[in-house]
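>>> I'll drop the sequence and a predicted model, then ask my questions.
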Amino acid sequence: MLAASALAPDKTTAATGLRTAVAILDKWGATGEQGEAILRVSHSTYARAKRKDGVASINLDRDQLTRVSFVLNIHAALRTIFDNPDNLYGFMRMPNDNAFFLGRAPLEVMGSGDIVALYETFRRIDVLRGSQW
């Protein structure tokens, strides 16, 4: 059996993922508060990731890494669906009439900080690219 430390990504990988997720959230038009809630990180951690300095020393727990992964995977799905940058980055701010979103934008739903909201947002966007569940 592998030790728990063998399963955890190294700090460099986690820092790179965090910086990338913050950059994506910024392009989606997320506020700082939304980004912090979505990734479940402190204001100072989010600000450091946005500045791209000092994040190599940040320790992310499994929940935070999962949240980073959802953001990265949502972005990957959107890149598959849309060629137009306005749609690629604007979709997350657009009101959505899907039963789950109830007229709210995906970013607004994810901004609640609820991990289930992130998962369900990812699942619904992933289905748009023809993924099987």
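Cool, got the structure. Numbering: from 1, shown residues only.

>>> Could you list the low-pLDDT ranges of this protein?
Along the chain, segments meeting pLDDT under 70 span 1-9, 131-133.

>>> what secondary structure does the residue minimising distance to the centre of the chain sit in?
Geometric centre of the chain, nearest residue: V71, 2.1 Å, by C-alpha atoms, centre = their mean. State at V71, reduced to three classes by DSSP: H, G, I helix; E, B strand; the rest coil: helix.

>>> Could you check what's spatially nearest to it, not counting adjacent residues?
Computed as C-beta to C-beta, 6 or more residues apart in numbering, the closest residue to V71 that is not its neighbour in sequence is A21, at 4.2 Å. Heads up, the C-betas are built off the backbone N, CA and C, glycines and all.

>>> residues contacting that neighbour?
Counting by C-beta atoms under 8 Å, 6 or more residues apart in numbering, A21 touches L39, A49, R67, V68, V71, L72.

>>> Pull the most distant pair out of the residues you listed.
By the measure C-beta to C-beta, A49 and L72 form the most distant pair in the contacts of A21, at 13.4 Å.

>>> Neighbour count: the two, which is higher?
A49 (26 against 15; other C-beta atoms under 10 Å).

>>> From the rest of the structure, what touches the one helix or strand the more buried one maps to?
Assigning secondary structure by DSSP states H and E places A49 in helix 43-51. With contacts defined as C-beta under 8 Å, 6+ apart, helix 43-51 is touched by 15, 18-19, 21-23, 26, 32, 35-36, 39, 41, 54-55, 58.
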